[in-house]
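Colleague: below are the sequence and a predicted model; questions follow.
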Amino acid sequence: MEEKMEEKLSQGDILDEEFEVKEEEKVPTSEELPKDNIELLMDVELDVIIELGRTKMRIEDILRLMPGSIIELDKLAGEPVDVLVNNKPIAKGEVVVLDENFGVRITSILNREQRIKSLR
């Protein structure tokens with residue numbers, strides 16, 4: 001094959017005649033996709049995290065932790081908690097108790113466009 005290419009080049013032929021050049025395919029945006037395709041995703045499970053707050057600690061303080069230790073967070077008691085999906089914020093809520101479990105009552109949610117943008 002190498003000999004054929006060299007022969008063609010020596011004869012002045014253009015390589016485009018031998019090889020087809022494909023144009024780059026455009027990937028459709030979410031707005032361009034058919035709405036029916038969303039049904040394919042409805043059974044996909046995502047991680048949901050309820051974040052009460054955060055803090056930073058020195059290694060020395062972490063090593064001193066023991067049962068009964070209290071870690072102060074950056075949020076006040078009763079302040080809304082963040083609802084994250086795959087580590088992306090989508091809503092705020094308040095902690096509630098359901099039987100013996102904790103739960104979250106959604107108090108505000110990002111609009112559809114903001115939620116999609118945060119998942120990217």
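Modeller: Thanks, I have the structure now.
Colleague: contact partners of the longest strand seen in the chain?
Modeller: Ranked by residue count and defined by DSSP state E, the top strand of the chain is strand 88-98. Strand 88-98 is contacted by residues 50, 52, 78, 80-84, 102-110, 115, 118-119 when judged by C-beta atoms under 8 Å, 6 or more residues apart in numbering. Any C-beta I mention is one placed from the backbone N, CA and C, and that applies to glycine too.
Colleague: where does this structure have its least confident helix or strand?
Modeller: Counting by mean pLDDT, DSSP states H and E, the chain has its least confident helix or strand at helix 2-10, which shows a mean of 59.
Colleague: next secondary structure after that helix?
Modeller: For helix 2-10, the succeeding helix or strand toward the C-terminus, using DSSP states H and E, is strand 48-51.
Colleague: what pairs with that next one, and is each one parallel or antiparallel?
Modeller: Neighbouring strands of strand 48-51 in its sheet, by DSSP bridges, are strand 81-85 (antiparallel).
Colleague: now the angle from the strand it pairs with to strand 88-98?
Modeller: Going by axes from the mean of the first three to the mean of the last three C-alpha atoms, to 10 degrees, strand 81-85 is angled at 120 degrees with respect to strand 88-98.
Colleague: return the distance of Leu65 relative to Arg58.
Modeller: Counting by C-beta to C-beta, to the nearest Å, the gap from Leu65 to Arg58 is 12 Å.
Colleague: ok, these two, which is more surrounded?
Modeller: Taking neighbours as other C-beta atoms under 10 Å, Leu65 and Arg58 compare with Leu65 leading, 11 against 8.
Colleague: okay, and for the chain, where does confidence drop off?
Modeller: 1-36, 119-120 (pLDDT under 70).
Colleague: do that again at 50, thanks
Modeller: Along the chain, no part satisfies pLDDT under 50.
Colleague: setting aside sequence neighbours, what's the nearest residue to Met57?
Modeller: Ile71 (7.3 Å; C-beta to C-beta, 6 or more residues apart in numbering).
Colleague: A helix includes Lys56, no?
Modeller: No - read with DSSP: H, G, I helix; E, B strand; the rest coil, Lys56 is coil and lies in no helix.
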